[in-house]
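In: here is my input, please return the structure:
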Amino acid sequence: MPPAPLLLALDGNSLLHRAYHAASMEALTDASGRPVWALKGLVNYLARAAAHLRPDAIVVGFDCPQDSARKIDYPGYKAQRPEKPADLATQILMAPELLRAAGICTVVPRAFEADDVLASSARHARERGWRSVLMTSDRDAFALIDDLTSVLRVRNGGFDEAVIVDAASLKAVCGVDPWQYRDYAALRGDPSDNLHGVRQFGASRAARLLNAFGTVDAAWEATSQDVSEAVGELAAQQLHRPEMRQVVDRNRRLMTMRCDLELPSIDDMRLPLSYPVMRRALQAHGINYGPSLWALVGGGTPVAAQRHPLELKPWVYRKGLRSRVDPIPGQLTLF
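Out: Numbers count the residues shown, from 1 in each chain. From the prediction side, this is the model:
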């Protein structure tokens with residue numbers, strides 16, 4: 001049997017941020033003097049991912065620029081982030097219009113985020129018997145992994161350092177299964193979103209707790225002695241503090257991605273796109289891509305790709321190298 005059709009869903013905000021910082025020295029502008037180098041980088045991500053994965057459909061999600069349901073829930077959400085540079089903010093606002101003009105299905109949900117578009121896209125695909133790949137630099141998407149859903153994670157180093165994350169590689173690197181990842185992240189916290197975690201709980205201790213009990217709720221129901229044996233006495237004491245329960249509950253609530261957003265039909269997301277339409281939309285902004293768009297517009301596979309098929313690396317743990325390819329907390333605040 002041939003594989004099920006594939007939907008590629010992209011986190012537009014995280015990829016724009018990556019492209020902005022990667023090409024800031026280039027400082028490409030359009031004829032009106034507006035910055036477009038991050039937009040060019042985003043299109044490059046689209047084209048390269050399509051060339052590697054050969055999806056049947058594609059959708060790009062963006063954060064709502066006006067409202068945030070999560071900030072209404074918790075005013076401290078992302079409150080530590082500095083104002084975006086003006087040239088980045090301009091490109092974020094320009095991106096949905098540019099992509100739609102190029103014929104790319106683009107979703108900006110009211111009061112929600114690109115993460116919610118990814119979660120809803122994964123469900124949208126699954127309910128139709130499709131597979132999905134979620135392209136992002138945000139680790140929260142790991143909670144969405146299942147038999148039909150994997151994550152294409154872009155890390156420091158750009159697309160050349162991108163890796164495919166499935167259930168097996170997530171378990172190998174983080175020590176937890178996808179269904180445990182939200183508890184894992186809630187215990188650790190997320191400095192990029194201004195969500196502190198439970199004291200004494202880093203990545204390894206959070207994994208040990210979840211391997212011992214399955215969920216944080218099950219650990220709370222266990223005896224103090226059992227929890228102490230799994231993670232140590234000090235960590236067990238912190239876990240059972242009432243305020244730490246509130247922290248975990250808050251983090252899980254804010255980290256839960258909406259999977260019920262209303263999306264366009266999958267037919268509106270289908271490839272191929274029109275090459276002339278894409279070229280005109282991009283050239284109007286001073287962005288010139290030609291043959292590299294082949295996988296988006298239904299062009300033939302280039303000879304080089306036929307001779308040397310493109311492949312993406314699985315995510316593996318390499319001792320001593322993780323700090324080179326994963327963002328450090330200071331870098332995470334950029335995203």
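
In: in a helix, residue 55, correct?
Out: No. Read with DSSP: H, G, I helix; E, B strand; the rest coil, residue 55 is coil and lies in no helix.

In: as a check, name the ranges of all strands in the stretch 1-150 of the chain.
Out: 6-11, 57-61, 105-107, 131-136, 149-155 (DSSP state E, counting those that start in this stretch).

In: mean pLDDT and distance to residue 291 added to the ones you listed, as JSON lines?
Out: Placement of C-beta: from N, CA and C, glycine included. Converted to JSON lines, those look like this (pLDDT from 0 to 100; distance: least, CB to CB, whole Å):
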{"stretch": "strand 6-11", "mean pLDDT": "98", "distance to residue 291": "20"}
{"stretch": "strand 57-61", "mean pLDDT": "98", "distance to residue 291": "18"}
{"stretch": "strand 105-107", "mean pLDDT": "98", "distance to residue 291": "23"}
{"stretch": "strand 131-136", "mean pLDDT": "98", "distance to residue 291": "22"}
{"stretch": "strand 149-155", "mean pLDDT": "95", "distance to residue 291": "22"}
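
In: for residue 83, which of those is the nearest?
Out: Residue 83 lies closest to strand 6-11 among the strands of the stretch 1-150 of the chain, at 20.9 Å (CB to CB).

In: and for the closest one, what's in contact with it?
Out: 45-46, 49-50, 53-61, 114-115, 117-118, 121-122, 124-125, 130-138, 141, 152, 266, 269 (CB atoms under 8 Å, 6 or more residues apart in numbering).

In: can you rerun that using 7 Å?
Out: With CB atoms under 7 Å, 6 or more residues apart in numbering as the test, strand 6-11 has contacts from 46, 49-50, 53, 55-61, 114-115, 117-118, 121, 125, 130-136, 138, 266, 269.

In: re the thing from before, including mean neighbour count and distance to residue 203, could the strands of the stretch 1-150 of the chain go into a markdown table?
Out: Putting the strands of the stretch 1-150 of the chain into a markdown table (neighbours: other CB atoms under 10 Å; distance: least, CB to CB, whole Å) gives the following:
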| stretch | mean neighbour count | distance to residue 203 |
| --- | --- | --- |
| strand 6-11 | 26 | 22 |
| strand 57-61 | 27 | 27 |
| strand 105-107 | 23 | 32 |
| strand 131-136 | 25 | 19 |
| strand 149-155 | 24 | 16 |
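
In: now the ones you listed in a markdown table, with distance to residue 35?
Out: Formatted as a markdown table, these follow (distance: least, CB to CB, whole Å):
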| stretch | distance to residue 35 |
| --- | --- |
| strand 6-11 | 20 |
| strand 57-61 | 19 |
| strand 105-107 | 19 |
| strand 131-136 | 23 |
| strand 149-155 | 21 |
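
In: what pLDDT is listed against the nearest residue in space to residue 120 that is not next to it in sequence?
Out: Leaving aside its sequence neighbours, residue 120 sits nearest to residue 261 (CB to CB, 6 or more residues apart in numbering; 4.0 Å). Model confidence at residue 261, expressed as pLDDT, equals 98.

In: and for residue 160?
Out: Note for residue 160: predicted pLDDT of 86.

In: what about it, how many residues close to it?
Out: Residues near residue 160, counting by other CB atoms under 10 Å, number 9.

In: report all helices and strands that the helix or strand where residue 211 lies contacts.
Out: Using DSSP states H and E, residue 211 sits within helix 203-213. In terms of contacts (3 or more CB pairs under 7 Å, 6 or more residues apart in numbering; DSSP states H and E), helix 203-213 is packed against helix 181-188, helix 224-231.

In: quick one: the first one to helix 203-213, angle?
Out: Read it as helix 181-188. For helix 181-188 against helix 203-213, the angle by axes from the mean of the first three to the mean of the last three CA atoms, to 10 degrees is 130 degrees.
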